[in-house]
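**Q** no sequence on this one, just coordinates:
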């Protein structure tokens, strides 16, 4: 079975540019999570969805960040405008029961110059 | 400030040795998970513990949840190079349904 698929795997762009990260969850999983991982702050939850509806976005750093889930098989995380401090590895995870397990993608390594 | 404090931050041992890593908090958790993450990949769930005092074993890995559900440990017996990775603990408090907060992790390196 295919796992969580994220694209692109690497993104390098200049500050001020718009960045869009994409995620395809595991089929049948009703929950989707976006995380950010840095050396300084570790793995932080940004937002999570249940049945395509955002449930908790309290971890989204600021208005420059937005996330959507137009259908059960696709989600995006957008940063506009991007800043160097947004450089991190962004992970998407999905789950059928978040109390039990989350399945992570391999992440997108984002570098903002 | 991390809700979950993991120690040590880094551990380097020889193949065949034993190791223990710790995850501590002042908060009470309704459940706690351990993940292992390898370079260039996402974390992979190893175990979930929910009951205070619970002990779970996964081959050479032993996980323990503290009686007060504020701390946990992971013990690896006879470590192998394949055990190398970043070990993360993640806890869920009773008022944060569906949300797990992660510790900063312990980087374990096992050399042949």
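**A** Noted; the coordinates are in hand. On a predicted model such as this, the values are computed, not experimentally measured, just so you know.

**Q** make it CA atoms for all contacts and neighbour counts henceforth
**A** Noted.

**Q** Identify the residues contacting the closest residue to chain B within chain A.
**A** Closest contact between chain A and chain B, by CA to the nearest CA, is at residue A:106 (4.4 Å). By CA atoms under 8 Å, 6 or more residues apart in numbering or on different chains, the contact set of residue A:106 is A:4-6, A:9, A:91, B:40-42.

**Q** which SS state does residue B:29 fall under?
**A** coil (DSSP: H, G, I helix; E, B strand; the rest coil).

**Q** Could you list the contact residues of chain B toward chain A?
**A** Within reach of chain A by CA under 8 Å from any CA of the partner chain, chain B has these residues: B:31, B:40-45, B:48, B:97-99, B:101-105.

**Q** ok, now with 6 Å
**A** Chain B comes close to chain A at residues B:41-42, B:98, B:102, B:104, as judged by CA under 6 Å from any CA of the partner chain.

**Q** any idea of the pLDDT on the residue nearest the centre of chain A?
**A** Among the residues of chain A, residue A:34 comes closest to the average C-alpha position under CA atoms, centre = their mean, at 3.3 Å. The per-residue pLDDT reported for residue A:34 equals 97.

**Q** Likewise for residue A:1?
**A** For residue A:1, pLDDT reads 62.

**Q** Let me know the closest of the residues of chain B next to chain A to residue A:30.
**A** Closest approach between those and residue A:30, by CA to CA: residue B:98, at 11.9 Å.

**Q** Can you give me the neighbour number for the closest one?
**A** 18 (other CA atoms under 10 Å in any protein chain shown).

**Q** next one: the one 5 residues further on
**A** Burial of residue B:103, expressed as a neighbour count using other CA under 10 Å, amounts to 25.

**Q** Give me the phi and psi angles of the nearest residue to it once chain neighbours are set aside.
**A** Of all residues beyond its chain neighbours, the one nearest residue B:103 is residue B:4 (4.8 Å), with distances taken as CA to CA, 6 or more residues apart in numbering or on different chains. Here is the backbone geometry of residue B:4 (degrees, to the nearest 10): phi -110, psi 130.

**Q** for residue B:4, what are its contacts?
**A** Residue B:4 makes contact with B:24-25, B:103 under the criterion CA atoms under 6 Å, 6 or more residues apart in numbering or on different chains.

**Q** residue ranges with poor pLDDT in the chain?
**A** Picking chain A for this. A:1 (pLDDT under 70).

**Q** meant chain B, my bad for not saying
**A** B:1-2.

**Q** Residue most distant from the centroid, it?
**A** Greatest distance from the centre of chain B, by CA atoms, centre = their mean, belongs to residue B:112 (22.6 Å).
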